[in-house]
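# with the sequence up front, the predicted model follows.
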Amino acid sequence: MKWQWKPGWLEIVFVFLLLCDVGLSLLPGAAGAGAVLTVACYVTGLLVLVRFVRKNLKPALWRLRNRLIVSYMFIAVVPIALLMLLVVNAGRVLMGQVAVYLVTTELERRMAGASAPPRSRSGLRRQFSLSRAPLRRADCRSSEIICNPLH
């Protein structure tokens, strides 16, 4: 597609105003004139854009074949891609729910195992209760003191 661009008097005025606006933005004392020049630059820029679009609208229009190809893409490809995206997001949500369920059941199992007494009667229960229980007078029958610096 070939763009038809021949600068006329409006385009030349726009470029001149743009250069003056850039030049005034470098001067610290010209804020008022710079604001007026910026508004004039915006107005002429909008007019140049309208002229450019009106001149180049016909060459930019698509032929019927190109429009049909785009419509087929919207009819066939885009819905399939959206459905695939929906399935992927649903799978991620489901995996997250399964992970939360697995972690919760494992934590509940560990908490139930920690609160129940040990199952073996080999003395582990007594050793555990003695090591965690506070010191009582009945346990101190001898006057020995054992110091263990590594404990």
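Right, received. Where do you want to start? It should be emphasised that the depicted structure is a prediction, and the values quoted were computed from it without experimental measurement.

# point out where this structure drops to low pLDDT.
Within the chain, the segments meeting pLDDT under 70 span 1-5, 58-64, 116-151.

# list the buried residues of the lengthiest helix in the chain.
Taking DSSP state H as the criterion, the chain has its longest helix at helix 78-115. When burial is assessed from 16 or more other CB atoms under 10 Å, helix 78-115 yields no buried residues. The way it works is simple: take the backbone N, C-alpha and C, and place the C-beta from them, glycine included.

# which elements pack onto that helix?
On a contact count with 3 or more CB pairs under 8 Å, 6 or more residues apart in numbering; DSSP states H and E, helix 78-115 meets no helix or strand.

# in this structure, which spans are helices?
Secondary structure of the chain by DSSP H: the helices cover 9-25, 31-55, 57-60, 64-72, 78-115, 124-132.

# contacts for the first one next, please.
Counting contacts by CB atoms under 8 Å, 6 or more residues apart in numbering, the residues outside helix 9-25 that touch it are 7, 30, 33-34, 37-38, 40-41, 44-45, 47-48, 51.

# and Ala90, how far from Gly96?
11 Å (CB to CB, to the nearest Å).

# intersection of neighbour lists for those two?
By CB under 8 Å, 6+ apart, no residue touches both Ala90 and Gly96.

# quickly list the domain ranges of this structure.
Following automatic domain parsing, one finds the domains of the chain at 7-61, 63-117.

# can you count the residues close to Leu24?
18 (other CB atoms under 10 Å).

# excluding residues flanking it in the chain, which one is nearest it?
Leaving aside its sequence neighbours, Leu24 sits nearest to Gly34 (CB to CB, 6 or more residues apart in numbering; 4.2 Å).

# and that neighbour, how close does it get to Tyr42?
Distance, Gly34 to Tyr42, by CB to CB: 13 Å.
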